[in-house]
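*Asks:* build me a model from this:
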Amino acid sequence: MSFFWKKEYSLGIDIIDEQHKKFVEIVNRFNDTVDIPKSKDLISGMFEEVLEHIKFHFKTEEDYFDKFHYKNAKIHKKYHDKFIKEIQDLKKENIENKIKVTHKLVKHLIDWLLIHLDKEDKKYVKCFKENGLK
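*Replies:* Numbering: from 1, shown residues only. A predicted model of the protein is given here:
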């Protein structure tokens, strides 16, 4: 179950769109290994890659929020914090053998991205573009 980026997911802001595409790439690699026997360390490393990219991406957005004085920054940052915590918890549960990494989990990551793009990220597009980001 690979996920493919579609033009309609694009926000029209190159740096943000590229980071979203990279997230999709990482999640697809994660998905490709779900059915392969693997160690907890490998899965933990994959969670770490997801976390590193998400933190990098969220920092990019949040730096622009601050730079452009985005009015909904505080609310948007809360969504970011919640998602980071969720991924950290899943990583911990995997280490403790409390969850099994499945296609359902990977689908959850993609679903989160699509919902976040549609419901939250589209809200800042006007602000970013008005401040010259393309």
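*Asks:* could you use CA atoms for every contact and neighbour count after this?
*Replies:* OK.
*Asks:* residues contacting the spatially most central residue of the chain?
*Replies:* In the chain, the centroid-proximal residue (CA atoms, centre = their mean) is Ile54; its distance is 4.9 Å. Shown in contact with Ile54 (CA atoms under 8 Å, 6 or more residues apart in numbering): 23, 84.
*Asks:* and for Asp35, the neighbour number?
*Replies:* 10 (other CA atoms under 10 Å).
*Asks:* name the SS class of it, please.
*Replies:* Classification of Asp35 by DSSP: H, G, I helix; E, B strand; the rest coil places it in coil.
*Asks:* list the buried residues for the helix or strand bottoming out on mean pLDDT in the chain?
*Replies:* Evaluated with mean pLDDT, DSSP states H and E, the helix-and-strand set of the chain has its lowest mean pLDDT in helix 103-116, which scores a mean of 85. Neighbour counts over helix 103-116 (16 or more other CA atoms under 10 Å) mark 103, 105-107, 109-110, 113 as buried.
*Asks:* tell me which other helices or strands that helix touches.
*Replies:* With contacts taken as 3 or more CA pairs under 8 Å, 6 or more residues apart in numbering; DSSP states H and E, helix 103-116 sits against helix 14-32.
*Asks:* re earlier: could I get the buried residues of helix 103-116 as a markdown table with distance to Cys127?
*Replies:* Below are the buried residues of helix 103-116 laid out as a markdown table (distance: CA to CA, whole Å):
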| residue | distance to Cys127 |
| --- | --- |
| His103 | 36 |
| Leu105 | 33 |
| Val106 | 31 |
| Lys107 | 30 |
| Leu109 | 26 |
| Ile110 | 25 |
| Leu113 | 20 |
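*Asks:* closest to Ile84 out of these?
*Replies:* Taking CA to CA as the measure, Ile84 lies nearest Leu109 of those, at 11.3 Å.
*Asks:* now do the contacts for that closest one.
*Replies:* Applying CA under 8 Å, 6+ apart, we find Leu109 in contact with Val27.
*Asks:* C-terminal to the host helix or strand of the residue nearest to the centre of the chain, what's the next element?
*Replies:* Taking DSSP states H and E as the criterion, Ile54 maps to helix 40-68. Once the chain leaves helix 40-68, the next helix or strand it forms, by DSSP H and E, is helix 73-95.
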